[in-house]
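Colleague: sequence and computational prediction follow.
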Amino acid sequence: MQSYNSFKVAQQQMLEAAKLLNLDKATIELLSVPQREYAFTLHVQMDNGKKKIFQAYRIQYNFARGPAKGGIRFHPEETVDTIRALACWMTWKTAVVDLPLGGGKGGVCCDPKSMSERELENLSREYIRAVAPLIGVDRDIPAPDVYTNPQTMSWMMDEYETIINSHQPGAFTDKPQQVGGTEGRRDATARGGVISVREACRVLGFDPTKSYAIQGFGNAGQRAALLHQEMLGGGKLVAVSDSRGAIYNSKGFDPKDLVTFKLKNGSIADYPGGKEIPHSALLELDVEVLYPAALENAITARNARSIKAKIVCELANGPTTPEADIILHKNKVHVIPDILASAGGVTVSYFEMVQDSYSYFWEESQIHKRLDKVLTKAYHTVQEAIKEKKVHPRLAAMVVGVARVAQACKLRGWV
């Protein structure tokens, strides 16, 4: 039965992997739900002098392989099930790239676009006052996510260090470099995705210098637009979209000019030379590579049969439903699943934690080289699982991730 509840989708994916791995009942029960989840009400001072109440969450899905790791989202449509799903996917993501970390995620139900910078700072600090006893470099390490950024992490880190009266920069990642951040973090998610596309093209014989399209033009989408051409030796960016519109040009856009326009105007909707198209049409374009880089459940059983891209590289979390996965696989669309394609961000976050612990920082070229090694190895590990289990790429990636987490749970004696 088709479901658009993200957590039910995540559970269904895990159960399919568990079945292939012949996991026992106790292990399946343990991996089907978060180990710990917390809900809070935050009371925040607004610019009009009044207090406003916000609902917030922090969920630590599994920490058998290491401390929980995952972002904090500020979004008006945030739900506890979305956070559960994202924390679940983070658990498999860190395992697929073989990092010594678990999975977590947090969120606040708010409309950040309607809030001033001071109000966002107040909200960020209030969130940390609620979760401070639950997080830390050896417990749970937050990072930016939807509508949060390095400045948000700076406020949160400062509030956390004030509370614990200790310098702990590694308790947060994707910080500005002036306060313990790393080189190479801002484009890490997109870079990891493009590395995966490069390996897919090598294995499957696709041509990355042909056309590509990007659904969602936030940080990951913008970086992918630039890095696709830079790292793959070419490519024609024919369509992009953001929350305000979608545009198409068969002759291709200049990615640098398009990113500059987006940063200056806040949207690509009125970009000169772009033909307006429906958001749904972008996903169905006949391109070599499609990068879904927006939110969950973009590709479903309803539109999967219309997807013409040869490679779908998921920079967003959960953009494809399980039913759509099966359809895409039957139609020979090669999906690089989110838990692999978007793992570059958490990989460089891990590098940031390592550097913070030693107070010694690597050059950008070292970050890129280490990231390439991790993602390339992970891509081919998943390819081996595809061949061994004869399943579609997402299920193969889930098998790799779930098997590693299940093994850690057993070694600890939890199941």
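Modeller: Good, I have the coordinates.
Colleague: so what's the residue count around residue 142?
Modeller: Residues near residue 142, counting by other CB atoms under 10 Å, number 29. In short, each C-beta sits where N, CA and C put it, glycine included.
Colleague: so what's the backbone phi/psi at it?
Modeller: Residue 142 adopts backbone torsions of phi -70, psi 170, taken as degrees, to the nearest 10.
Colleague: could you measure from it over to residue 40?
Modeller: With distances taken as CB to CB, to the nearest Å, residue 142 is found 14 Å from residue 40.
Colleague: and the helices in the stretch 251-400 of the chain?
Modeller: 255-265, 279-283, 322-330, 338-341, 344-358, 364-389, 393-411 (DSSP state H, counting those that start in this stretch).
Colleague: list the buried ones in the first one?
Modeller: Taking 16 or more other CB atoms under 10 Å as the neighbour-count basis, helix 255-265 is seen to contain the buried residues 255, 258-259, 261-262.
Colleague: what's it packed up against?
Modeller: helix 219-232, strand 236-242 (3 or more CB pairs under 8 Å, 6 or more residues apart in numbering; DSSP states H and E).
Colleague: helix, strand or coil for residue 152?
Modeller: Classification of residue 152 using DSSP: H, G, I helix; E, B strand; the rest coil returns helix.
Colleague: which one of the helices and strands packed on helix 255-265 lies closest to residue 338?
Modeller: helix 219-232 (11.0 Å; CB to CB).
Colleague: from the chain's centroid, how far away is that closest one?
Modeller: A distance of 16 Å separates the C-alpha centroid of helix 219-232 from that of its chain, computed with CA atoms, centre = their mean, to the nearest Å.
Colleague: return the most buried member of the helices and strands packed on helix 255-265.
Modeller: Of the helices and strands packed on helix 255-265, the one with the most neighbours on average (mean count of other CB atoms under 10 Å) is strand 236-242, at a mean of 24.
Colleague: name the helices or strands packed onto it?
Modeller: strand 211-215, helix 219-232, strand 245-253, helix 255-265, helix 279-283.
Colleague: next, the buried residues of the helix or strand harbouring residue 52.
Modeller: Using DSSP states H and E, residue 52 maps to strand 51-62. Neighbour counts over strand 51-62 (16+ other CB under 10 Å) mark 54, 56-62 as buried.
Colleague: could you do stretch 358-367 as well?
Modeller: So for stretch 358-367, counting by 16+ other CB under 10 Å, buried means 361-362, 367.
Colleague: and what of stretch 101-120?
Modeller: 101-110, 112, 115, 119-120.
Colleague: stretch 124-138 too?
Modeller: Here stretch 124-138 shows 124-128, 130-132, 135-136 as buried, counting by 16+ other CB under 10 Å.
Colleague: and for stretch 197-217?
Modeller: Quick answer for stretch 197-217 (16+ other CB under 10 Å): 197-201, 206, 208, 211-217.
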